[in-house]
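> predicted model follows, preceded by the sequence.
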Amino acid sequence: MRRLLIISAAAVAVTVAVLCIISYIKGVPFSFLKKEEEEVDTFDYTAGDIERQSARGPGPFYEMPKGAVHEISTEQTCVLVSALDPHLALDTAGGGISEGTAFVLSTRTDSESQRFMLQGGNNGVYELISQKCELSLAVSGEPASACLGRNENNESGQWEMKENVDGTFTFVNLVTMQALDVSGGIAEEGNPVDLADENGTDAQKFYLIPVEGIEHPDDGNYTIAGVLSESLAFGAGADPDADPVVRLSSLDGSALQRWNFIYSGYGWYRVENEEGSDYELFRIERNENGTVVLLNKAIGALEVSEGTAWAGNVITAAEPDGSFEQMWLLRQDLEAAERVFSIEDTTNGDAKIYGDYVVSARDDVIRYFSISDFTSHELGAAGSWIACDYATGVILTADWNRSVHLIRTDGEMNVLENRPILSYSDGLSIDPALWTADNGWYFTLTHITGTVNRNDPGKENGVYQIDLYFTPDFQTIQYVSTVESRKANLEDVDLCIEDGVMYCVYEEETLDEQASSIVLRRSFDNGATWSEPMELLPANADHEPARFLKKDWGFRLYYSCDMDQLGQSYNGAKAYYADYDAELTPINLNRPIILSHAKGILFYDIVAWEDGIRYLYAYNKLTENDIVMDRNAA
């Protein structure tokens with residue numbers, strides 16, 4: 001079993017005893033070491049005291065526990081509840097996991113040490129395997145006693161399960177021919193459960209309660225991200241024997257950053273790495289801001305060493321103090337994708353997903369690439385900016401020659417129509433955004449007068465004006481309204497219409513490739529008038545919006561951003577999304593997307609397609625400028 005240590009390398013040999021002695025002292029290292037003890041908590045059991053069968057004699061009896069089964073099936077995981085008191089279940093002493101650990105009654109919690117998988121079934125004989133440690137309920141020693149053990153080609157872990165008339169089962173070991181027995185017939189916490197000759201009393205009777213479907217609130221598989229930087233995650237070393245230190249690492253969605261949380265009793269969760277490691281017990285304490293504190297049973301709250309978030313920094317533990325370095329995000333909502341294709345050194349200006357093709361503006365010439373065979377063909381038009389809708393076969397392009405082109409194709413990329421639909425005598429029109437409505441198409445163009453992409457603070461910014469148009473057929477084109485007009489770089493427009501409301505999302509910045517906000521305006525009258533601007537993301541980094549998409553619960557904004565390497569857009573940018581409810585109140589922000597490239601992301605397009613979500617982006621646009629498509633099949 002691999003062992004993971006969150007310590008400096010010199011502390012690898014520190015023992016559990018020492019860790020316990022120095023617990024809750026700031027900076028104490030944290031280690032993944034097996035625990036031989038765990039506490040238990042009270043199971044929420046509601047059955048009342050009643051007389052059961054009169055044949056069972058006098059005494060305080062309980063009704064048959066809820067969920068108890070009469071039929072046994074192999075591979076079923078059950079808790080063995082005592083007929084003496086259904087609040088008590090068979091458990092390993094102290095929650096132990098080692099060979100030879102004895103059994104006791106303890107308060108029913110349905111924790112791992114109380115769960116046993118039934119295997120076998122021939123002639124009513126079963127092996128009961130502990131879910132916690134994969135050892136079996138067995139017998140050992142002289143005289144023989146019940147304990148955890150290995151059932152290796154012998155009958156020490158084989159039990160005949162005899163069903164009783166009251167719905168209970170008696171477990172008779174095939175080696176000793178004795179029954180599992182609650183010592184003295186006393187139903188109390190910690191009382192031993194061992195072996196005795198069969199006597200038919202309740203001390204030898206247990207109910208089987210299936211527990212496969214029972215989940216505790218935080219059971220699951222998580223990535224543990226730090227609040228100081230959500231793009232860094234709690235990561236195990238690839239070779240814990242050679243490098244036992246667990247550090248922060250760049251979020252990549254790999255198994256080394258995935259952690260299984262399994263309820264282990266009394267409010268504690270067993271946490272182990274997906275790749276395999278020893279485990280530690282944690283309580284999960286929730287903060288009002290949605291973060292959690294991970295309180296280790298031995299040494300306190302996990303925190304980022306020295307309160308600084310950088311890839312490679314180690315994790316330590318200290319007295320809980322409410323600081324940000326002790327706040328973590330347990331995340332199951334990562335979007336992760338795999339590479340579909342990559343085209344190198346494209347000198348590309350823009351690109352969009354178009355069915356099973358990518359339409360790109362390479363060297364100001366519009367062409368398409370096939371996703372299946374990567375072949376490329378020109379479409380017979382100039383252009384540097386693109387919008388398209390594969391369902392209706394429409395491609396709009398804008399070029400440096402002050403014209404807007406319409407290209408119409410069939411599903412096989414045969415060009416059906418190719419002509420200019422708008423032209424200008426001055427300025428420049430960029431960033432078309434397109435939305436297909438029931439009665440035609442809405443599209444936006446951003447018209448620039450003056451300086452384009454201002455990147456010199458000594459120059460005056462050009463006037464950027466986002467105009468909305470409508471056309472029923474691309475023969476008649478109607479100007480509808482101006483969404484926004486001001487001296488600022490207004491770029492990367494996206495258009496969305498849902499339930500009669502029109503949403504226009506765009507980037508706003510004063511200097512190119514510097515800090516920018518993502519802004520939204522709404523129209524409730526088909527674009528005739530627009531609301532005041534709403535800031536979806538503040539100008540604390542260079543945000544490049546890709547798509548603003550409707551979801552069942554609200555909206556999701558996809559964007560790339562250089563928040564981890566400020567001033568390094570585009571080659572330092574990573575992929576993110578943010579969620580908003582139907583009223584556009586933020587649900588969560590800056591959620592990383594795991595792409596085939598960790599950084600150097602400039603999104604072109606994102607589309608939900610038959611095979612999953614497709615992400616199209618430029619990789620290291622300022623240097624390599626590759627076109628890359630990834631796919632999230634989930």
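That came through fine.

> which regions of the stretch 201-350 of the chain sit below the pLDDT cut-off?
Within the stretch 201-350 of the chain, the stretches with pLDDT under 70 are 212-215, 230, 237-245, 265-266, 276-279, 289, 333-336, 345-346.

> show me the helices in this structure, by range?
Along the chain, counting by DSSP state H, helices occupy 16-21.

> confidence-wise, which helix or strand of it is lowest on average?
Ranked by mean pLDDT, DSSP states H and E, the weakest helix or strand in the chain is helix 16-21, scoring a mean of 31.

> and stretch 139-146, C-alpha only, in CSV?
The C-alpha trace of stretch 139-146 is given here as CSV (Å, rounded to 0.1, in the frame of the first residue of the first chain):
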residue,chain,number,x,y,z
VAL,A,139,-12.1,-17.5,13.4
SER,A,140,-8.5,-17.9,14.7
GLY,A,141,-6.5,-19.0,17.7
GLU,A,142,-6.9,-21.7,20.3
PRO,A,143,-9.5,-21.7,21.7
ALA,A,144,-11.0,-20.2,18.5
SER,A,145,-12.4,-16.7,18.6
ALA,A,146,-14.1,-14.5,16.0
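
> can you give me the mean pLDDT across that stretch?
Average pLDDT, stretch 139-146: 90.

> in it, what counts as buried?
Val139, Ser140, Ala144, Ser145, Ala146 (16 or more other C-beta atoms under 10 Å). In this view, the C-beta of every residue, glycine as well, is placed from N, C-alpha and C.

> can you spell out the domain ranges of this structure, please?
According to automatic domain parsing, the chain comprises the domains 5-33+217-331, 56-210, 335-632.

> and the ones you listed, which one averages the lowest pLDDT?
Mean pLDDT is lowest for domain 5-33+217-331 among the domains of the chain, at a mean of 70.

> state the distance from Tyr269 to Asn313.
Distance, Tyr269 to Asn313, by C-beta to C-beta, to the nearest Å: 24 Å.

> cool, Ile606 as well?
Taking C-beta to C-beta, one finds Ile606 at 32 Å from Asn313.

> who's more crowded, these two?
Neighbour count, other C-beta atoms under 10 Å: between Ile606 and Asn313, Ile606 has more, with 24 against 19.

> kindly export stretch 290-301 (C-alpha atoms) in PDB.
C-alpha atoms of stretch 290-301 as PDB (Å, rounded to 0.1, in the frame of the first residue of the first chain):
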ATOM      1  CA  GLY A 290     -19.300  27.600   0.600                       C
ATOM      2  CA  THR A 291     -15.800  26.500   1.500                       C
ATOM      3  CA  VAL A 292     -14.800  23.700   4.000                       C
ATOM      4  CA  VAL A 293     -12.200  23.200   6.600                       C
ATOM      5  CA  LEU A 294     -10.600  19.700   6.500                       C
ATOM      6  CA  LEU A 295     -10.000  18.900  10.200                       C
ATOM      7  CA  ASN A 296      -7.700  15.900  10.500                       C
ATOM      8  CA  LYS A 297      -8.300  13.700  13.500                       C
ATOM      9  CA  ALA A 298      -4.700  13.800  14.600                       C
ATOM     10  CA  ILE A 299      -3.100  17.100  13.800                       C
ATOM     11  CA  GLY A 300      -5.700  19.800  13.000                       C
ATOM     12  CA  ALA A 301      -6.900  21.800  10.000                       C
END
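
> in that stretch, what's buried?
Thr291, Val292, Val293, Leu294, Leu295, Asn296, Lys297, Ala298, Ile299, Gly300, Ala301.

> same question, stretch 338-347
Of all the residues in stretch 338-347, those buried under the rule 16+ other C-beta under 10 Å are Val340, Phe341, Ser342, Ile343, Thr346.

> distance between that stretch and the chain's centre?
For stretch 338-347, the separation from the chain centroid amounts to 26 Å (computed by C-alpha atoms, centre = their mean, to the nearest Å).

> now do stretch 518-537
The answer for stretch 518-537 is 31 Å, by C-alpha atoms, centre = their mean.

> wait, Thr347 sits on Asp364?
No. Judged on C-beta atoms under 8 Å, Thr347 makes no contact with Asp364 at a distance of 9.4 Å.

> ok, Gly600 touching Ser569?
No. Using C-beta under 8 Å, Gly600 is not in contact with Ser569, being 10.1 Å away.

> burial measure for the residue lying closest to Ile262 once chain neighbours are set aside, as a count.
Leaving aside its chain neighbours, Ile262 sits nearest to Arg270 (4.8 Å; criterion: C-beta to C-beta, 6 or more residues apart in numbering). The burial count assigned to Arg270 is 20, neighbours taken as other C-beta under 10 Å.

> does Tyr464 really touch Ala488, like I thought?
Yes. Between Tyr464 and Ala488 there is a contact under C-beta under 8 Å: 6.3 Å.
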